[in-house]
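**Q** curious how this folds, go ahead:
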Amino acid sequence: MSILSPSGGAFKSISTLLGKGIHRAARISARNPIEMMVAMLIMASFSYFALLNLAKTSDIFTGTSTRLHPTFAYRAGDAVTFTQLSDKELKAIPSDAVVKVQLNQIVIEDPSATRSKRSEGVIKPDVLEAVYQFQDVVEHQVLVPDGPKTTKKYSFDSDLCYKPNNQCFRQTPLDLWNNDLAAIHADQDIAATVAAHLNTAAHQFQMTDDQNKIQAFILSYAFNASSTIRQELAKQWAFKVATLPPGALISHTSMDDQQQNTFVWLFIIARNVVYRISELISQAENIDIVVILLGYLMMIATFVSLYVNMRAMGSKYTLATAVIASGFFSFMLALLTVHYLGVDVYPVVLAEAIPFLVVTIGFERPFKLTKRVLQSSEQTSISKQNVHEIVIRAVDDVALPVARECSMEIFVLALGAKSGIDGLREFCLLSAILLAYDYLIMFTWYTAVLALKLELRRIKEMNSTTDTSTKTIAAAPSSENPVHIRRTVLKALKPESKSARGKKGGENVDDPIMGRVKLLVIVGFLVMHFFELCSTLTPSTTTAGVNIEDPSVAKVLSALYERHQQSSSLPLVVEVFSPLQFHVVDQGYSVLPAILEKPLNYMFNSYADYIQDPVISKWLTSALVFSLFLNTYLFNVAKQPKQLVEHQSKEKRTLVSENVSPFVELSDKQKISVTNVVPTMKSEGSPAPASPALHHETHHRHRRSSVAHSKVIRPLDECAVILKSPEQGPDALNDEEVLQLCQAGKIAPYALEKVLQDFERAVKVRRSLISRASMTKTLEASALPVQHYDYSKVMGACCENVIGYMPIPVGVAGPMIIDGESIHIPMATTEGCLVASAARGCKAINAGGGATTVLTADGMTRGPCVEFPNITTAVACKRWIEETGAETVMAAFNSTSRFARLRKLKVTLAGKLVFIRFSTTTGDAMGMNMISKGCEKALAAISEKFPEMQIISLSGNYCTDKKAAAINWIEGRGKSVVAEAIIPGEVVEKTLKTTVAALVELNISKNLIGSAMAGSLGGFNAHAANILTAVYIATGQDPAQNVESSNCITLMKAVNQGRDLHISCTMPSIEVGTIGGGTILPPQQSMLDMLGVRGPHPTEPGKNAQRLARIIVAAVMAGELSLCAALAAGHLVQAHMAHNRVAATPAPTPVATTPSTQSFECLLKK
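**A** Now for the predicted structure:
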């Protein structure tokens, strides 16, 4: 029964609602499998990073199997020693009846003391100096809490320390020299000084195992813990000390965060889980061992059965792996949800609970869905079925039964979550949430995987059937043959009981016994914990704490109590924390000299800073590789059956003329119209003006005219001598000899212009060189033009390795009245009907009085990315730039150009990364180079204030250039322009062949609602990119910037009591310039001349570029109006079929031949 038609009273309404939701989600997933899988991978990536940040502070990542927990020590009156208190005993003592103190110790060790017999240990002047500087940092410079500048900060020495007799209690080895660095330097025999005081200060030192050397210093700090706030500040202080950036001393915690990648963490997790299991075996009861062992055995059996069952249905690894991936995604999302609900799931409990979680989830639900999908495809040939409908029908069949099973299991687990048993409560809550996520992911992620898998099978079977029909001899069946796969699938899906054959529709009904067994296992597991028959999930009470009897702790506690008695008679409670581990930087031995070692270390350290966590990069790489192979596979298997291709005749004819260039080769089947061959006519009376570079090239051509026609190719050595000769040079060589030198490596192909001093000749030679080295060898005689172009404008500015130029047709739309001026709009395009459509829009707008434009903003942007050591410094930099430092940054930026003027700064943070968006006017230039130079100078000024700042990239993609970005749509980039016009109703009907009401309705439905449904970013228009890109190419702009420049919203509204049409186009990020870039090329300059905006404005810098932006927006509005009218009237397809569907001629195969007028005339006659 479909889930869309359940039966039964109240249950019916709930089932209907649930069924509709599942049906809709499954339909979306089946129709868009790739998108659904990518979305789930992105969500899983964010979940992974969130869990990773949470887990870094968890004891599951610690280097030992058991973490030392804080210990409470109590001493009162004349007691000789401290006694250890439990949590219950501590809670029984009134808070005002004792003095509470926290003791934090820092161990600073020298790793070389245990590795090398020559090492002196930590008793070295440089180590003592490092400890002195470290003490100064932790006692005076470590401030808590983090927060804004207005938040009061506290340091150990001034605020946090425990002060009996108004003096901070601390004990460090530097007390031997009264914490005086000068006394340390003046001490000629440090070892003797330490040895003289070793008996009284032994607890401040840690000896090696053989008691010969001191391998570590111990620093002890006592904190006032009289209130909860003070206790929290002390913990924050310890955390900040443990995460100090590396210097002469390195924290083990900091080192782990920097050096351990994900795979090292996974290894530590696995190792700690093994250690934890071994601890349980040694400490737990027999019943606990049996339950844990049974759980792991059941987990292994669950994984094995999953792969076995999926393999029986014809999927070797793909579907089983996808099921496990969906379970892992559910696990991560459930962990995050539990954390945000404020429930702590301890890693130790989690390690014990993982096998029971796997068993709780189970894999029979996705197995049922998979089985039902393949059952549905069994009825007829899969190549004749709709894959989407098969998947949806299977989802409808299994959704409600699976939902009932999940509901029962969640209900039982919810009862367990309500219990007061520690560990069991967290496990039940996590399992219940995990089941809910697993249910949702099964009908989204896993449904998408099934749809994709079934689609691939269908395509493969279709391709196999097609190939078989074209062959005369059938191949022998193999294990990979689709028929064999189908037979295997049918065998796996064969009904297992006679009762199943009698069901409606012949469908096999899944046996619910596995679900019942699993439910009984969950209930039994909860009952065992309720009646305390086992305690596997209960947090262990035998976890080790800090040993207060250790001499390094006991003597500090005794000294602390003596100082305490001098100022108070109350008992003393000391919370002793596990020591913070630091070690001296081990210089080691290097085989490289210092001059090489330092730059190499700097390079590798910088590389390590830039490389982030590897998991997301590996996921992205895997996704790209998977996408590549998938698209290649789909492309190959979706091809139509090979058809016989008629081979062209080998007899060719060559079209040659002295006046027609280039030469093209035509086959006998190609027809030539005489009207298509137009010789180039040259006017002798009015020669075209030539640039100095062309005159220079003409002079070179005259010098080598006698050599150019020579067919003799001299030896390579002789040509090399001639090339280097000042008297002869390259003009004395013909083109074939120059080619020979290039092929021998005597001339670099990219340097031909510099060597030959003839731009057109260099292009021809390079063209021949590339053609002869290519596979097709067609470029040399191709139709790509070479002659009659000023390459001197291109070299070093617009293009490299030039082999010709690409002619593009340029049409004109208009004239159009824009702000009272009649302007013809040039458009370079190969799309038929585009210029004609824009011209019709111009005509309609002119009938209403023309277009009006307004410039709302002007500011090109660049967004550098810089990094700081920590977020505190990053926030400080952000505030400095936004407040007091804005003038400094602006002055530095403006000093780099006469035209660049910084208008606005927008600063944002991402962790330690700071992104600064400079918004600047750039005169009539588009301005990217100009603003980049200013950004470099501004960053240099910022680095003077913050020397620890590191520039990651001058462009941090916060600009954003040539990429779709919301910041350009919202904040604007380049020129922000709005254009409007009013079109009379009669013009709409006569010229545009539609009505005002139809246009308004179409614009709302298509440009607004349709774009919103597509999730468009700045694309609330019909085809703004069409018009803008055509004008960009014609006027020498950067076509790649059409990505953001085409951001546009088109609005239409009926005005004047509904008779007339008001249209407007708003484009916030048009990036144009009238100087620099492609605007230096003569053809593009001629188009700017036609518009009246060529070069810089003589009196108002920036005016020409702003005027060009206004023209573009008005032209876009004309194109929008015409296209929307065509769509509303239904004329779009007819126009394109009539004007944009010219029969294409077969591509000729060119060949280089000698010009021959006779052969040309013969070809025309033929």
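
**Q** tell me the mean pLDDT for stretch 313-326?
**A** Averaging pLDDT along stretch 313-326 gives 81.

**Q** meant to ask about stretch 576-584
**A** On average, stretch 576-584 scores 87.

**Q** which residues touch it?
**A** Contacts of stretch 576-584 with the rest of the structure, by CB atoms under 8 Å, 6 or more residues apart in numbering, involve 67-73, 102-112, 122, 127, 130, 134, 218, 238, 241-242, 248-253, 546, 548, 553, 557. Bear in mind the C-beta positions are built from the backbone N, C-alpha and C, glycine included.

**Q** run the last query once more with 7 Å
**A** Under the criterion CB atoms under 7 Å, 6 or more residues apart in numbering, residues 68, 70-71, 73, 102-111, 122, 127, 130, 238, 241-242, 249-252, 546, 548, 553 lie in contact with stretch 576-584.

**Q** could you flag which of those residues are buried?
**A** For the contacts of stretch 576-584, a burial check counting by 16 or more other CB atoms under 10 Å picks out 68, 71, 73, 102-110, 122, 127, 130, 238, 241-242, 249-252, 546, 548, 553.

**Q** looking at those, which are in strands?
**A** With DSSP state E as the criterion, strands contain 71, 73, 102-109, 249-251 from among these.

**Q** for stretch 860-880, what is the average pLDDT?
**A** Per-residue scores along stretch 860-880 average to 95.

**Q** what comes up buried for that stretch?
**A** 860-868, 870, 873-875, 877-878, 880.

**Q** ok, now stretch 969-980?
**A** Result for stretch 969-980 [16+ other CB under 10 Å]: buried residues Trp969, Glu971, Gly972, Arg973, Gly974, Lys975, Ser976, Val977, Val978, Ala979, Glu980.

**Q** list the residues that contact the last one.
**A** Under the criterion of CB under 7 Å, 6+ apart, the contact list for Glu980 reads Thr852, His1062, Ile1063, Ser1064.

**Q** now it: how far from Met1117?
**A** For Glu980, the distance to Met1117 equals 8 Å [CB to CB, to the nearest Å].

**Q** what about Lys906, neighbour count?
**A** Neighbourhood size, Lys906 [other CB atoms under 10 Å]: 16.

**Q** following the helix ranked longest in the chain, which helix or strand shows up next?
**A** When the chain is parsed with DSSP state H, its longest helix is helix 387-417. On the C-terminal side of helix 387-417, the nearest following helix or strand under DSSP states H and E is helix 424-441.

**Q** taking helix 387-417 as reference, get the angle to that following helix.
**A** 170 degrees (axes from the mean of the first three to the mean of the last three CA atoms, to 10 degrees).

**Q** can you redo the buried residues of stretch 969-980 as a markdown table with pLDDT?
**A** Below are the buried residues of stretch 969-980 laid out as a markdown table (pLDDT from 0 to 100):
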| residue | pLDDT |
| --- | --- |
| Trp969 | 94 |
| Glu971 | 94 |
| Gly972 | 94 |
| Arg973 | 94 |
| Gly974 | 94 |
| Lys975 | 95 |
| Ser976 | 96 |
| Val977 | 97 |
| Val978 | 98 |
| Ala979 | 97 |
| Glu980 | 97 |
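
**Q** which of the residues you listed fall in helices?
**A** In this view, those that belong to helices under DSSP H are Trp969, Glu971.

**Q** nearest to Lys163, of the buried residues of stretch 969-980?
**A** Checking those against Lys163 by CB to CB gives Glu971 as the nearest, at 53.1 Å.

**Q** now Lys152: how far from Thr228?
**A** Distance, Lys152 to Thr228, using CB to CB: 17 Å.

**Q** what's the answer for Ile108, then?
**A** As for Ile108, its distance to Thr228 is 30 Å (criterion: CB to CB).

**Q** likewise for Ala979?
**A** With distances taken as CB to CB, Ala979 is found 63 Å from Thr228.
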